[in-house]
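K.L.:
What follows is a predicted structure for the sequence shown.
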Amino acid sequence: MPTTQKIAQFSNGREPRDGDRIVYVDGAFDLFHVGHIELLKKARGLGDFVLVGVHDDYTVNRIKGLNHPIMNMHERLLGVLSCKYVDEVIIGAPYSVTKDLLENCNYKISLVLHGKTETVLDLDKSDPYRVPKELGIFQQVESCFPNLSAQTIIDRIIKQRQAYEERNRKKQQKELASLSTNC
């Protein structure tokens, strides 16, 4: 059963010090992978304290559609918390980075960081990073793995499964042919 004690085991428990540059990164973090780790590493390089917003399952499904997220929020949260570059996580972070989030999340956010992945407009058709852009605290970073995403991982799994099934069909046909010629 998930408890706050279990979740706390993944946290480094560090609070920001006065004067720390706090970097905020948000996302689904589904199928937590090396692309996510590199983004969080870059966030650490741009600040002293990395705060990550993990979107809830409903929001991820609304934005990504289909059968997303693959992992539930608890699983995605633990993946993010296990990354050594992360200091704190907002569970069920809103999709849009609003002035309220920037001012009332108990941290003075200095920079909002986002990878160069497609940004889907919010329900009201607004840019979810409009406020930090207007405040001049938004930065987009290049990915070392621009072709890696949860969807590309899913596509690989499906392709590999299809190849596996085809290989086994051929083996079965050979075995059946061998049995019929031996009888």
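P.N.:
Arrived safely, thanks for sending. Residues are numbered from 1 along each chain as shown.
K.L.:
ok, residue 7 - how many residues close by?
P.N.:
Applying other C-beta atoms under 10 Å, we find 15 residues neighbouring residue 7. C-beta coordinates here come from the backbone N, C-alpha and C atoms, glycine included.
K.L.:
Return the residues in contact with it.
P.N.:
Counting by C-beta atoms under 8 Å, 6 or more residues apart in numbering, residue 7 makes contact with 77, 78, 81.
K.L.:
ranking those by neighbours, who comes first?
P.N.:
Most neighbours among those, by other C-beta under 10 Å: residue 77, with 22 neighbours.
K.L.:
and that one, that's in a helix?
P.N.:
Yes: under DSSP: H, G, I helix; E, B strand; the rest coil, residue 77 sits within a helix.
K.L.:
and the gap between it and residue 47?
P.N.:
As judged by C-beta to C-beta, to the nearest Å, residue 77 and residue 47 stand 21 Å apart.
K.L.:
Can you list the neighbours in contact with stretch 93-105?
P.N.:
Identification of contacts with stretch 93-105 by C-beta under 8 Å, 6+ apart yields 24, 26, 51, 53-55, 59, 62-63, 90, 109, 112, 122, 126, 128-132, 135, 137.
K.L.:
do that again at 7 Å, thanks
P.N.:
Residues outside stretch 93-105 that contact it (C-beta atoms under 7 Å, 6 or more residues apart in numbering) are 26, 53-55, 59, 63, 90, 109, 112, 122, 126, 128-129, 131-132.
K.L.:
Let me see the mean pLDDT of it.
P.N.:
For stretch 93-105, the mean pLDDT works out to 90.
K.L.:
Now do the buried residues in that stretch.
P.N.:
Using 16 or more other C-beta atoms under 10 Å as the test for burial, stretch 93-105 gives 93, 94, 95, 96, 97, 101, 102, 105.
K.L.:
Do me a favour and get the end-to-end distance for it?
P.N.:
Start-to-end span of stretch 93-105 (C-alpha to C-alpha, to the nearest Å) is 10 Å.
K.L.:
returning to what we had before: output the buried residues of stretch 93-105 as TSV; include the columns secondary structure and distance to residue 170.
P.N.:
Below are the buried residues of stretch 93-105 laid out as TSV (DSSP: H, G, I helix; E, B strand; the rest coil; distance: C-beta to C-beta, whole Å):
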residue	secondary structure	distance to residue 170
93	coil	48
94	coil	51
95	coil	46
96	coil	51
97	coil	52
101	helix	55
102	helix	58
105	coil	56
